[in-house]
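> coordinates for the following, if possible.
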Amino acid sequence: MVGPDNILKVAPETLESDFKIATVGALVSGQWFTQNADVGSKEQHPIIYFTSGLLHLYPDPMLGSLSAVKSAAYNIARNFAQVLPDRYGIHVVIPKIGGVVVERGVNGTPMDYPWDPEAVVENLFMPYLSQKREEWTFENEVTEIPERFPEVW
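As a prediction, the model looks like this:
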C-alpha cells in the first residue's frame, strides 16, 4: 500500500512497489481505456480520471515514496491528456486533491474540511461531466492547502 514513509528510511523495494501501484497503474489504465472506451457517441464522450494531488509541486519528505510516484503518475496523465482528446475523443481529467480524502469529523477532521469524499465527487468530478468538447479542461487549480492534514494513517 502506498502510504507515509520517511525519505531517509524508505526501502528501495517500497519505492519500487509503490511505483508499480501508482505509476504503472496509471499507464495501464490509460492504455486499457484507450482500447475499451465507447468513443462512437456524438452526444456523450468518455472521460478518464487520473486523480492527482500537489505532491508533484510540493514534495513531502515524510511522504517520500508517495511524492515520487505521484509525480511520475502525474507526468503519465499529462502525456495522455496531450494525445487522447484529439486522437480518440477521450476527455482526460486530472483532478488535483489538495489533502487526504477523509470524511469530515473523522479523527478530528474539521466539519468544513474540503477533501471529504462527497465534496471531492461533487466539486472535482461532477463538473467535468457537463463540459462540451470545446469547453474541456483537464485539471483544477488548488488555491488553498490545509495547514494540517488529518491523521488517518
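
> helix, strand or coil for Lys42?
With DSSP: H, G, I helix; E, B strand; the rest coil as the basis, Lys42 sits in coil.

> would you mind measuring from it to Gln31?
Using C-beta to C-beta, to the nearest Å, one obtains 25 Å as the distance from Lys42 to Gln31. For glycine as for every other residue, the C-beta is placed from the backbone atoms N, C-alpha and C.

> state the phi and psi torsions of the residue of the chain most remote from its centre.
What lies farthest from the middle of the chain is Lys42; by C-alpha atoms, centre = their mean that is 27.3 Å. Main-chain torsions, Lys42, degrees, to the nearest 10: phi -80, psi -20.

> for the longest helix anywhere in the chain, packing partners?
In the chain, taking DSSP state H as the definition, the longest helix is helix 64-88. Here helix 64-88 touches helix 12-19, helix 25-36, strand 91-93, going by 3 or more C-beta pairs under 8 Å, 6 or more residues apart in numbering; DSSP states H and E.

> now do the buried residues in it.
The neighbour-count check on helix 64-88 (16 or more other C-beta atoms under 10 Å) flags 64-74, 76-78, 80-81, 84-85, 88 as buried.

> report pLDDT for Lys42.
pLDDT, Lys42: 73.

> from Thr51, how far off is it?
28 Å.

> just want the most central residue of the chain.
In the chain, the C-alpha nearest the mean C-alpha coordinate belongs to Thr51, at 1.5 Å (C-alpha atoms, centre = their mean).

> ok, it touching Val93?
No: in this structure Thr51 lies outside contact range of Val93 using C-beta atoms under 8 Å: 9.2 Å.

> what touches both of the two?
Counting by C-beta atoms under 8 Å, 6 or more residues apart in numbering, Thr51 and Val93 have no shared contacts at all.
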